[in-house]
Each structure stands twice: as C-alpha cells, then as structure tokens.
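Engineer: Predicted coordinates and the sequence they were generated for:
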Amino acid sequence: QVRLVESGGGSVQAGGSLRLSCVGSGRILSGYDMGWFRQSPGKERELVAAIDNSRTWYGNSVKGRFTISRDYSKSTIYLQMNDLRPEDTALYLCACRTSYQDSRFNPSEYGDWGQGTQVTVSS
C-alpha cells in the first residue's frame with residue numbers, strides 16, 4: 001500500500017514562491033515515476049511536473065518557473081514553485097505512476113494519489 005502525504009501549500013501574492021513536499025513509501029523507494037498534478041474547480045486535472053530516476057517533464061504553463069526533484073533518502077518528492085501567478089491557484093496533488101500504457105501526462109497512468117495541498121495566489 002502506497003501512502004502519499006503532501007504539504008507546503010498556502011496563500012501567497014503573485015511573484016512569490018512555495019515549495020511543496022510529498023512524503024511517501026513503497027514505490028517512491030523503488031524508483032517509480034512520480035508526478036505533481038493540479039486541479040481547479042471546473043477544470044480537468046493537469047500534470048504540472050513529472051520525474052523518473054533522472055529526467056523531468058513540465059507542463060507548458062510552468063516551464064521555467066517550477067522545478068520537480070526527489071530525494072530517495074527521505075522518500076520525498078518536491079515541487080519548487082517560483083514566480084507564482086493567480087492562474088496557478090489550485091489543489092496540488094502528488095501521484096505515483098502505476099501504468100505505462102499512455103503518456104505520462106495522462107492522469108489515468110497514476111494509480112496512487114495523495115489528498116492534495118491547496119495553493120492560492122493573489123494578484
């Protein structure tokens with residue numbers, strides 16, 4: 001059983017920064033692909049960033065502003081978010097990829113999810 005717990009969300013003004021953390025067990029230790037998603041009311045869940053053992057991927061809207069990383073020794077995934085914008089406001093969820101049938105940008109590829117941490121950016 002994989003358990004994922006996110007933290008680090010909060011309220012910031014535009015241009016500010018936050019660092020999200022996702023502590024997990026099981027598949028994080030064994031090097032499964034991980035992702036950060038976000039979801040806003042009325043919008044589809046979208047991939048913000050993904051990471052395997054050495055490579056990273058980003059959604060177009062966050063490239064150059066967000067950085068995903070992982071620390072195997074701490075069983076933790078991080079999302080450093082800089083230059084935050086009001087449109088970044090969302091519930092941010094950490095997920096572990098359990099399927100390799102489709103694009104890593106497809107939420108259906110991820111079978112284990114945390115509860116999420118809320119990020120609110122004011123203008």
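Structural biologist: Nice, I can see it. Numbers count the residues shown, from 1 in each chain.
Engineer: Just want the most central residue of this protein.
Structural biologist: The centre of the chain sits closest to Trp36, judged by CA atoms, centre = their mean, with a distance of 1.7 Å.
Engineer: That one: which element?
Structural biologist: If you go by DSSP states H and E, Trp36 is part of strand 34-39.
Engineer: Pull up the pairing partners for that strand, direction included.
Structural biologist: Partners of strand 34-39 in the sheet, by DSSP bridges, are strand 46-51 (antiparallel), strand 90-97 (antiparallel).
Engineer: Now render those strands as JSON lines, adding mean neighbour count, mean pLDDT and distance to Pro107.
Structural biologist: From N, CA and C alone the C-beta is placed, and that goes for glycine too. Shown next, in JSON lines, are the strands paired with strand 34-39 (neighbours: other CB atoms under 10 Å; pLDDT from 0 to 100; distance: least, CB to CB, whole Å):
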{"stretch": "strand 46-51", "mean neighbour count": "21", "mean pLDDT": "97", "distance to Pro107": "7"}
{"stretch": "strand 90-97", "mean neighbour count": "23", "mean pLDDT": "96", "distance to Pro107": "7"}
